[in-house]
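3D model of this:
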Amino acid sequence: MTEIVSEKPEIQKAILVGLETAETFRNSADFDHSMAEMKSLIEACDLEVAATLTQALEHPEAGTYLGKGKCTELADLCREAEAEYCIFEGNLSPVQMKKLGEITGAVIWDRTNLILEIFSRRARTREAKLQVESAYLHFMLPRLTGMWQHLGRQGGSSGGSGGGGRRSSKGIGETQLELDRRQINHRLHELSKELETIDKTRTLQRKGREKGFLPSVALVGYTNAGKSSLMNCLLSLSEDNAPSGEDRAAEKKVFEKDMLFATLDTSIRRIYTPSKKDFLLSDTVGFIENLPHGLVKAFRSTLEETKYADLLLIVLDSADPYHRQHKTVTENTLKELDAGDVPRLYVMNKSDLLPEDSLRPVIANENTIYISTKTGSGIKELLEKINELTYGSQKIIKALLPYNKGDLLSSLHSCGAIIEEEYVSEGIKIKAACPPRFVGELIQYEERPDNASL
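Alright, predicted model coming up:
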């Protein structure tokens, strides 16, 4: 029997194009860094960078973004490299995209277009797919103009002869444009309703988790800083402390890969600790400089897990010379999500890549800890710090719980917060160390408050 071996599809080629302007880039190092990041984004989209073309101008050309000579050079480069895509480091106007496409004969993408394409390929859950589609349609709506100009601008008359009928001034192209806009707006309305329904379900799920009184910790940070790797690392440690019958860590681990935007879907896992100070850990989509506003808006309901967290773990690549810039990008995105005031811990990952004699920069006046998910260095110290920041504000409270509040008592036990417990005729007398989430629930059953901290 002859075995048929299928050939791997040939990787499509792209030309990376960058325009360095005094307004956009403070120095050449910033431009080089942005171009290197674009190359990584292109590779994350399963394309090969066949060549790179750059130009320095005071400002982009209004019609073609690049100068006339560079446009000709780009067209020649596309033919020589047999490239199907020209991908620009900056963002292009609809007119610029159209004219560059005519000049080069290639598919023209800008930075926003590329990131949207990556998101569309990475989306796995229905929610993520709907969010990406919504962002893409918002992106395409203003770019419809000119797509149907080849069909003509003027139409003939409608109505009877003799001048009695109304006369149409719309050509076929304008009619098609209106139809496309109407269809996109209709689809956006449908997506909005579907996402609203999913958001309501997410809100109910979050409220259900809050009733468990476990602190909520969210992983945030620049893409490819190691958030998913950190979650998997903590899940491996959690397995040793999980009660019997729990799913094994291997079944709960999330996808991780050394790639920009390897994961988009939010994952929430319970982390069991030796001290029984467990917490819920969520992994969110990574941030990036100039993340398209449409994507932030579309993914807002998903990213709002950060807004309701008790603690944010801002994961940074300590070996990346631009990690402080990545911190600023992350902070600005959190502010946009109304999560700027949530307590945070800066987790400097990939410390194993730092030279041994290097000084580890500590972010001033902030909680900072160095770890390596690859070697496991600093992970136990990180757990201790998380416990300190999430459970450190516990208060000791005495209460008499009715017997029909067994679910509340069970939640207290799961958090390891019970100090004394006595069953009496009136109910269950307890002395418990209460996380902030618990205090509001127990206050109505309180016998004698004791606000001394643990």
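
Cys86 touches Leu74, doesn't it?
Yes - with contact defined as CB atoms under 8 Å, Cys86 counts as touching Leu74 (6.4 Å). Using the backbone N, CA and C atoms, a C-beta is placed for each residue, glycine as well.

Show me which of the two is the more surrounded one.
Set side by side, Cys86 and Leu74 show more neighbours around Cys86, with 25 against 22, by other CB atoms under 10 Å.

What sits closest to Lys327 if chain neighbours are left out?
Leu316 (5.9 Å; CB to CB, 6 or more residues apart in numbering).

again with Arg181
For Arg181, ignoring the flanking residues on the chain, the nearest one in space by CB to CB, 6+ apart is Leu144 at 6.3 Å.

rewinding a little: helix/strand/coil for the residue nearest to Lys327?
Following DSSP: H, G, I helix; E, B strand; the rest coil, Leu316 is assigned to strand.

how many neighbours does it have?
23.

any idea how far Phe287 is from Gly226?
Remark: distance between Gly226 and Phe287 (CB to CB, to the nearest Å) = 14 Å.

Neighbour count for these two, which is higher?
More crowded of Gly226 and Phe287, by other CB under 10 Å: Gly226, with 26 against 21.

backbone phi and psi for the residue nearest to that one when sequence neighbours are not counted, please?
Using CB to CB, 6+ apart and skipping residues adjacent in sequence, the residue nearest Gly226 is Asn349, 4.1 Å away. Reported as degrees, to the nearest 10, the phi and psi values for Asn349 are phi -80, psi 170.

would you list every one of the helices in the stretch 351-454 of the chain?
379-391, 406-414, 436-442 (DSSP state H, counting those that start in this stretch).

list the contacts for the residue nearest to Gly226?
Applying CB atoms under 8 Å, 6 or more residues apart in numbering to Asn349 gives the contacts 225-226, 229-230, 315-318, 371-373.

give me the element Ala75 is part of.
Using DSSP states H and E, Ala75 falls within helix 68-81.

ignore the last one, Lys39
Assigned by DSSP H and E, Lys39 falls within helix 28-44.

What mean pLDDT does that helix get?
Mean per-residue pLDDT for helix 28-44: 88.

if I look at Cys86 and Leu74, which residues touch both of them?
Taking CB under 8 Å, 6+ apart as the criterion, Cys86 and Leu74 both touch 15, 17, 100, 104.

moving C-terminal of the helix or strand hosting Glu196, what's the next helix or strand?
In the assignment (DSSP H and E), Glu196 maps to helix 172-210. Using DSSP H and E, the helix or strand that follows helix 172-210 in sequence is strand 216-221.

What strands line up against that following strand, and which way round?
strand 279-283 (parallel), strand 311-317 (parallel) (DSSP bridges).

angle of that strand against helix 379-391?
Between strand 216-221 and helix 379-391, the angle comes out at 130 degrees (axes from the mean of the first three to the mean of the last three CA atoms, to 10 degrees).

does Gly340 sit in a helix or strand, and which one?
With DSSP H and E as criterion, Gly340 is part of no helix or strand.

how deep is it tucked in, by neighbour count?
Residues lying near Gly340 (other CB under 10 Å) number 15.

Distance from the chain centre to stretch 96-112, please.
Its chain's C-alpha centre and that of stretch 96-112 lie 27 Å apart, by CA atoms, centre = their mean, to the nearest Å.

Next one, pLDDT for Asn387 please.
At Asn387, the model reports a pLDDT of 87.

what's near enough to touch it?
Contacts for Asn387 (CB under 8 Å, 6+ apart) come out as 273, 275, 277.

Quick check: which of these has the minimum pLDDT.
Among the contacts of Asn387, Ser275 carries the lowest pLDDT, at 77.

sorry, back to before: any of the contacts of Asn387 buried? List them.
Buried by 16 or more other CB atoms under 10 Å: 273, 277, out of those.

Can you add secondary structure and give the contacts of Asn387 back as TSV?
Formatted as TSV, these follow (three-state DSSP):
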residue	secondary structure
Thr273	coil
Ser275	coil
Lys277	coil
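
Show me the strands in the chain, by range?
Using DSSP state E, the strands found in the chain span residues 13-20, 48-56, 85-88, 107-109, 216-221, 267-271, 279-283, 311-317, 344-349, 368-370, 395-401, 418-424, 427-434, 446-453.

Also compute the angle for the first one relative to helix 28-44, please.
Angle of strand 13-20 versus helix 28-44, following the same axes, to 10 degrees, is 160 degrees.

Can you tell me which of the helices of the stretch 351-454 of the chain is packed in deepest?
Mean neighbours per residue, mean count of other CB atoms under 10 Å, is largest over these for helix 379-391, with a mean of 18.

ok, Glu422 - contacts?
Counted by CB under 8 Å, 6+ apart, Glu422 has contacts 428-430.

picking up where we left off before, need the buried ones from the contacts of Asn349 selected in ChimeraX.
Of those, the buried ones go into a single ChimeraX selection, burial set by 16+ other CB under 10 Å:
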select :225,226,229,230,315,316,317,318,371,372,373
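
tell me the contacts of Ile418?
Ile418 makes contact with 409, 412, 430-432, according to CB under 8 Å, 6+ apart.

wait, which of the helices of the stretch 351-454 of the chain is closest to Leu179?
helix 436-442 (52.4 Å; CB to CB).

picking that back up, what's opposite the residue nearest to Gly226 in the beta bridge?
Taking DSSP bridges, one obtains Asp317 as the residues bridged to Asn349.

residue nearest the centroid of this structure?
Closest residue to the average C-alpha location of the chain: Val285 at 2.3 Å, with CA atoms, centre = their mean.

I'd guessed it sits against Glu304; true?
No - with contact defined as CB under 8 Å, Val285 does not reach Glu304; the gap is 12.0 Å.

How about Ser229, nearest residue that isn't a chain neighbour?
Thr373 (4.1 Å).

Would you quantify the distance from that neighbour to Ile430?
39 Å.

what's Leu74 in contact with, if anything?
15, 17, 53, 66, 86, 100, 103-104.

which of those residues count as buried?
Neighbour-count burial (16+ other CB under 10 Å) is assigned, among the contacts of Leu74, to 15, 17, 53, 66, 86, 100, 103-104.

out of those residues, which one sits closest to Pro343?
For the buried ones among the contacts of Leu74, the residue nearest Pro343 by CB to CB is Val17; the value is 42.5 Å.

gap between that closest one and Asp352?
According to CB to CB, Val17 stands 36 Å off from Asp352.
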